[in-house]
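Student: Quick check, what structure comes out for this input:
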Amino acid sequence: MSDSTNIKVVLSYLGLPDNYNPSPATSPVSFLTKHLQHLPQNHLSLFSTLVTPRQRSEIPAIRNRRLRYAESQPPEFSGSHAKAAWPTLWQGKFTVDLGKETAKEEQEWADKDFLDGKAKQVGKFGALLGGYEEERGAELARELRRQQREWEESLPEEDEDSDEEDGTEELETEHSEMTAAEADAVFARRVKEKFIYGLLPSVDYDKVDWDEKWEPPLNRDDEERWFDEEEESY
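Tutor: Residues are numbered from 1 along each chain as shown. Modelled structure (predicted):
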């Protein structure tokens, strides 16, 4: 089905004329801002190729849905898998063996969830999958440490005769003093922010943006307060 046909389907569903303004074809963000909550999921999905996740973040209702989803603690947003998927958002020290963490998670998944945890089918599979993830995770950890060393070596040497502070020492102190729990909290916050504003790669935004089950309650004070705080932080 062509985009023009999709547009006619949407307009017909809402009982709107073909020359309706804002046009879903030329101004999809403005159109969705007005009609997102009036359309079912199968009609909203027609906009997936018209509006990027980043552009959709301009729509308050979609930001609210993403916020609610992120606060539901989806498993893909935490743990070693998330750190491996978005290593640039991880600000903790690269001393954790991501390979062993990921391998443990994979084997636990195979043992408990894959084929209902039937031992005969998953025993060897879990061990094999865990071994593969440990090797892949170890390689990732080595790459992260290499990037960290290159970044540290690229920092300019401090002029001993200068009293000016460039903030480098303070950043290094914060980095070294950050506990594992604090690093996890910072990572979770950054993942949530990137996700809400459509900047997190390798994420299926459609399953959240077009699904009304993530629509927040009528009382949106909490959501509006969160976005107000975010705007003040920039």
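
Student: Run through the helices of the chain in chain order.
Tutor: For the chain, applying DSSP state H gives helices covering 3-14, 28-35, 41-44, 53-56, 60-70, 79-85, 98-112, 119-154, 168-177, 180-196, 206-209, 221-233.

Student: Quick one: residues in contact with the first one.
Tutor: Right, helix 3-14. Helix 3-14 is contacted by residues 1, 17-18, 20, 23-25, 35, 38-39, 43, 46, 49-50 when judged by Cβ atoms under 8 Å, 6 or more residues apart in numbering. For the C-beta atoms, the positions are set from N, CA and C on the backbone; glycine is no exception.

Student: Quick check: residue 83 vs residue 193, distance?
Tutor: 16 Å (Cβ to Cβ, to the nearest Å).

Student: Please identify which of the two sits among more neighbours.
Tutor: Set residue 83 next to residue 193 and count neighbours by other Cβ atoms under 10 Å: residue 83 wins out with 25 against 15.

Student: Could you report the distance from the more buried one to residue 76?
Tutor: Distance of residue 83 to residue 76, given as Cβ to Cβ: 12 Å.

Student: do residue 200 as well
Tutor: From residue 200 to residue 76 the distance is 10 Å (Cβ to Cβ).

Student: which of these two has more neighbours?
Tutor: More crowded of residue 200 and residue 76, by other Cβ under 10 Å: residue 200, with 22 against 13.

Student: need the contact list for that one.
Tutor: So residue 200 contacts 86, 191, 194 (Cβ under 8 Å, 6+ apart).

Student: Highest neighbour count among those?
Tutor: residue 191 leads the contacts of residue 200 on contacts (other Cβ under 10 Å) with 22 neighbours.

Student: what sits against it?
Tutor: Residue 191 touches 70, 77, 82, 86, 89, 200, counting by Cβ under 8 Å, 6+ apart.

Student: Skipping adjacent residues, who's closest to residue 85 in space?
Tutor: residue 202 (6.2 Å; Cβ to Cβ, 6 or more residues apart in numbering).

Student: got a markdown table for the contacts of residue 200, with distance to residue 10 and pLDDT too?
Tutor: A markdown table is the format used below for these (distance: Cβ to Cβ, whole Å; pLDDT from 0 to 100):
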| residue | distance to residue 10 | pLDDT |
| --- | --- | --- |
| 86 | 34 | 88 |
| 191 | 32 | 94 |
| 194 | 29 | 94 |
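
Student: For the chain, name the helix or strand with the lowest mean pLDDT.
Tutor: One helix or strand of the chain scores below all others by mean pLDDT, DSSP states H and E: helix 168-177, with a mean of 50.

Student: Show me the shaky parts of this protein.
Tutor: 1-2, 93-177, 218-234 (pLDDT under 70).

Student: Near residue 31, how many other residues are there?
Tutor: 26.

Student: cool, residue 88 as well?
Tutor: 9.

Student: Relative to residue 47, how far out is it?
Tutor: Counting by Cβ to Cβ, the separation of residue 88 from residue 47 is 29 Å.

Student: Same check on residue 39?
Tutor: 9 Å.

Student: got it, and residue 8?
Tutor: 14 Å.

Student: Which one's more surrounded, those two?
Tutor: The residue with more neighbours, out of residue 8 and residue 47, is residue 47; 24 against 15, by other Cβ under 10 Å.

Student: which residues touch the residue nearest to the more buried one when sequence neighbours are not counted?
Tutor: In space, and not counting its chain neighbours, residue 47 is closest to residue 28: 5.8 Å by Cβ to Cβ, 6+ apart. Each residue near residue 28 by Cβ under 8 Å, 6+ apart is listed here: 47, 50, 51, 55.
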